[in-house]
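Novice: need coordinates for the below:
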Amino acid sequence: MTGIILDSILMLLLVAAIAYGIKLEKKLKALRDGQLAFAGAVSELNSAAGRAEQALATLRASGHETDLLHDRIIKARAVKQELEVLIARAPAGLPPRAPVEAPVEAPLELTVPASQVAPLLDDDARARRMASLMERIEGARAVMKAPAARPAAPAAAPAEAFAPVRQALAANHAAQQSLNRARRSLDEDLFAA
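Specialist: Have a look, this model is predicted:
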């Protein structure tokens, strides 16, 4: 009889051990599933961090391009103001000049890839461009100040007299549009990530 009692106690202990093993197996399975979900979240976080780094690099390059465009806009406005002053100072009795027809061009796309930004910063090329611009402005001043060889002629047509100003305004407008497009593109890239 003691053998049966001991056997029944042993069976109860074995049943309890099996039940505890099943319960432990369920907990281990839930832990493995949580670990796999955590690994997926870490990989997604890693890819999001990579996209954020790319967006920041694009933002820095676009900021540099924006600075370049801003400098060009400021220079264009200064040239426009100087042209307006020169036109205002022009004597009314200048001999008529042959009309120069400027081809109508589509607005220039002023987006500069980051790889091409470095050549634009070359100081020698910039100095040469500025010197040639100053020579043209000085030439225009000399023409404006030169005495008229002919008697007073009728003033040039208003469209011809303000063509340089209109061109400067068109260039300024095109630069502003390009700057706005660059900002929109940057915002879209930044908030898409």
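Novice: output the below-cut-off pLDDT ranges for this protein.
Specialist: 91-123, 126, 143-159, 161, 190, 192-193 (pLDDT under 70).
Novice: show me where it has helices.
Specialist: In the chain, the segments counted as helices under DSSP state H are 2-89, 117-120, 123-145, 158-161, 163-192.
Novice: out of those, deepest packed?
Specialist: Highest mean neighbour count among the helices of the chain (mean count of other CB atoms under 10 Å): helix 163-192, with a mean of 14. C-betas here are computed from N, CA, C, even on glycine.
Novice: and that helix, what does it pack onto?
Specialist: The contact analysis (3 or more CB pairs under 8 Å, 6 or more residues apart in numbering; DSSP states H and E) places helix 163-192 against helix 2-89.
Novice: so what does the helix it packs on touch, helix or strand wise?
Specialist: Looks like helix 2-89 contacts helix 117-120, helix 123-145, helix 163-192 (3+ CB pairs under 8 Å, 6+ apart).
Novice: identify whichever of those helices lies nearest to residue 37.
Specialist: Comparison of the helices and strands packed on helix 2-89 against residue 37 by CB to CB identifies helix 163-192 as nearest, at 25.6 Å.
Novice: adding distance to residue 46, write the helices and strands packed on helix 2-89 out as a markdown table.
Specialist: Formatted as a markdown table, the helices and strands packed on helix 2-89 follow (distance: least, CB to CB, whole Å):
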| stretch | distance to residue 46 |
| --- | --- |
| helix 117-120 | 30 |
| helix 123-145 | 42 |
| helix 163-192 | 18 |
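Novice: select, out of the ones you listed, the one closest to residue 43.
Specialist: Using CB to CB, the nearest of these to residue 43 is helix 163-192, at 19.8 Å.
Novice: next up, the contacts around residue 58.
Specialist: Residues counted as contacts of residue 58 (CB atoms under 8 Å, 6 or more residues apart in numbering) are 186, 189.
Novice: can you give me the distance of it to residue 176?
Specialist: 21 Å (CB to CB, to the nearest Å).
Novice: centre of the chain to stretch 78-88, how far?
Specialist: Between the centre of stretch 78-88 and the centre of its chain there are 30 Å (CA atoms, centre = their mean, to the nearest Å).
Novice: cool, and stretch 170-177?
Specialist: Distance, centroid of stretch 170-177 to centroid of chain: 15 Å (CA atoms, centre = their mean).
Novice: same deal with stretch 184-193?
Specialist: Centroid separation between stretch 184-193 and its chain, computed with CA atoms, centre = their mean, is 10 Å.
Novice: sounds good, over and out.
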